[in-house]
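Asks: sharing a sequence plus its predicted fold:
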Amino acid sequence: MAFDPMELGFIRILRGLDRTQILQFLDACKAIDVPANEIIVEEGEEDEAMLFLLEGELEVYIGKGADITSLAFVRRGEALGELALLGLSTRRTASIRSTEDCDILVLERAGYESLAAAGHPVVDRLQDQVLRSLAERIRETDARIGQLAEGSDLDDREPEGIFSRLTTAVVGTGPRGRAPKPVEVLSSSAHFKDLALAVKELLAGHLEVVAMPQGEHVLTEGSMKGDAWILATGEVGVYRTTRTGLQEKVGTLHPGALFGHLAIIGDDSRTATCITEQASWLYKMPREVVKALVESATTEGRALRHCFIHALARQLQQANERLAAVTAQFATKTLGKADLERVHAAQTAVVGAE
């Protein structure tokens, strides 16, 4: 495989980089030639590599033998396996095979870590690409849930606002005791716990503690406003509007959960309404702080992007589990057995080939 490094601008994460930076990236990768009709990745296997297609075409599919469902075709300049590379997906959710002769760059975990240690700009670009990809998939999944779920009535109370929170301590309807310290909350969160203490202390400096009574609307679906939140104590219910205008509960958040960041990443509207189910302590991360950090190349910014990716990957998994449940409920009412099986196979396409 021979090529001029400066001609690799068709790979999005390499656009605008100088020759030295591109060569550093190539040194971290392995170049392979794959003949047509070769299986490169098999569904269910453990793998942490990311693939960049230089020439040819790849097919992403699920199933084996005659029972195969094609999910997508990958062409020149496209990539697969970002979540696997970042250690957020332990097993491949689909298989990949070549439909014609292919030239492929393979970036494995060790190569990625060497780039990260060197502060290579590809690392920041990969994180940003994964963030936006996950956000898009979650929105697609949420939309499918809304189209299929029946939902139920929900007490539509207006957000009680800051006045309620200020009076919480007086009337005794707020959370009991004092709020946990922000570093303690980050250390107990699945999304932040693995960060170095110094980084957690930096992030904790941006957090603002807020007490909320039961029934408070933290986020409202469709809103373009709002901040990111970390739940310190209590519970928060997550609801999605259905095609009937009712509300489908899609999850319950527990202490350590990160939420509200999806809409900030893409400057888009909220995909769900979040309501406190118990009096709760929360930590707010202001919108402008989040935007500034995730768009930076600082240690803080990289750490926060990684935490966001971790949280979104988990959110996508939960959304797909919920989609499977509502799909089954919907299909048993409207489809025959053969159609139901096809729906179950098709919904896997939301996951992709990670």
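Replies: That came in fine, so what should we check first?
Asks: all contacts plus neighbour counts: C-alpha atoms, from now on.
Replies: OK.
Asks: output the below-cut-off pLDDT ranges for the protein.
Replies: Where the chain drops to pLDDT under 70, the residues are 1-3, 153-172, 331-354.
Asks: domain boundaries for it, per the record?
Replies: 5-118, 133-349 (automatic domain parsing).
Asks: and Gln127, which of these is closest to it?
Replies: domain 133-349 (6.5 Å; Cα to Cα).
Asks: chain center to that closest one: distance?
Replies: Its chain's C-alpha centre and that of domain 133-349 lie 11 Å apart, by Cα atoms, centre = their mean, to the nearest Å.
Asks: by contact count, what packs against the helix or strand that contains Arg240?
Replies: Applying DSSP states H and E as the criterion places Arg240 in strand 236-241. Judged by 3 or more Cα pairs under 8 Å, 6 or more residues apart in numbering; DSSP states H and E, strand 236-241 is in contact with helix 121-148, strand 247-253, strand 273-276.
Asks: partner strands of the last one and their direction?
Replies: The reference is to strand 273-276. Here strand 273-276 has these sheet partners by DSSP bridges: strand 217-219 (antiparallel), strand 236-241 (antiparallel).
Asks: contacts for the last one?
Replies: Outside strand 236-241, the residues that touch it by Cα atoms under 8 Å, 6 or more residues apart in numbering are 142, 146, 151, 221, 247-254, 271-278.
Asks: can I get the CA coordinates of it in PDB?
Replies: The C-alpha coordinates for strand 236-241 follow below in PDB (Å, rounded to 0.1, in the frame of the first residue of the first chain):
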ATOM      1  CA  VAL A 236     -34.800  11.700  38.600                       C
ATOM      2  CA  GLY A 237     -37.300  10.200  36.200                       C
ATOM      3  CA  VAL A 238     -36.800  10.600  32.400                       C
ATOM      4  CA  TYR A 239     -39.900  10.900  30.200                       C
ATOM      5  CA  ARG A 240     -40.400  11.100  26.400                       C
ATOM      6  CA  THR A 241     -43.400  12.400  24.500                       C
END
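Asks: give me the buried positions along it.
Replies: Neighbour-count burial for strand 236-241, counted by 16 or more other Cα atoms under 10 Å, picks out 236-241.
Asks: one step back: now the helices and strands packed on strand 236-241 as TSV including distance to Arg12 and mean neighbour count?
Replies: Shown next, in TSV, are the helices and strands packed on strand 236-241 (distance: least, Cα to Cα, whole Å; neighbours: other Cα atoms under 10 Å):
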stretch	distance to Arg12	mean neighbour count
helix 121-148	9	19
strand 247-253	34	19
strand 273-276	34	23
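Asks: can you tell which of these is closest to Ala179?
Replies: Nearest of these (Cα to Cα): strand 273-276, 15.6 Å.
Asks: after the closest one, which helix or strand is next? Please name it.
Replies: Downstream of strand 273-276 (by DSSP H and E), the next one is strand 280-285.
Asks: tell me what the helix or strand that comes right after that following strand is packed against?
Replies: Once the chain leaves strand 280-285, the next helix or strand it forms, by DSSP H and E, is helix 287-294. Secondary-structure packing of helix 287-294 (3+ Cα pairs under 8 Å, 6+ apart): helix 262-265, helix 299-334.
Asks: quick one: contacts for the spatially most central residue of the chain?
Replies: By Cα atoms, centre = their mean, the chain has its centre lying nearest to Leu312, at 2.5 Å. Counting by Cα under 8 Å, 6+ apart, Leu312 touches 131, 134-135, 138, 262.
Asks: now swap in Glu45 and tell me
Replies: 91-92.
Asks: would you mind measuring from it to Arg15?
Replies: Glu45 sits 32 Å away from Arg15, going by Cα to Cα, to the nearest Å.
Asks: same deal with Gln318?
Replies: In terms of Cα to Cα, Gln318 sits 34 Å off from Arg15.
Asks: ok, back up a step: make a markdown table out of the strands paired with strand 273-276 and add distance to Arg125.
Replies: Output for the strands paired with strand 273-276, formatted as a markdown table (distance: least, Cα to Cα, whole Å):
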| stretch | distance to Arg125 |
| --- | --- |
| strand 217-219 | 29 |
| strand 236-241 | 30 |
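Asks: nearest to Asn37, of these?
Replies: Among the strands paired with strand 273-276, if distance is taken as Cα to Cα, the winner is strand 236-241, at 42.4 Å.
Asks: re earlier: so for Leu197, which of the strands paired with strand 273-276 sits nearest?
Replies: Proximity to Leu197 (Cα to Cα) singles out strand 236-241 among the strands paired with strand 273-276, at 27.1 Å.
Asks: what angle sits between that closest one and strand 280-285?
Replies: 70 degrees (axes from the mean of the first three to the mean of the last three Cα atoms, to 10 degrees).
Asks: now do strand 236-241 and strand 247-253, the angle between them.
Replies: 150 degrees.
Asks: count the neighbours of the closest residue to Thr244 other than its chain neighbours for me.
Replies: In space, Thr244 comes closest to Glu150 once its chain neighbours are excluded; the distance is 6.8 Å by Cα to Cα, 6 or more residues apart in numbering. Other residues within reach of Glu150, judged by other Cα atoms under 10 Å, total 18.
Asks: I'd assumed Ala325 was in contact with Glu150.
Replies: No - using Cα atoms under 8 Å, Glu150 is not in contact with Ala325; the gap is 11.8 Å.
Asks: torsion angles phi and psi at Ala118?
Replies: phi -90, psi 0 (degrees, to the nearest 10).
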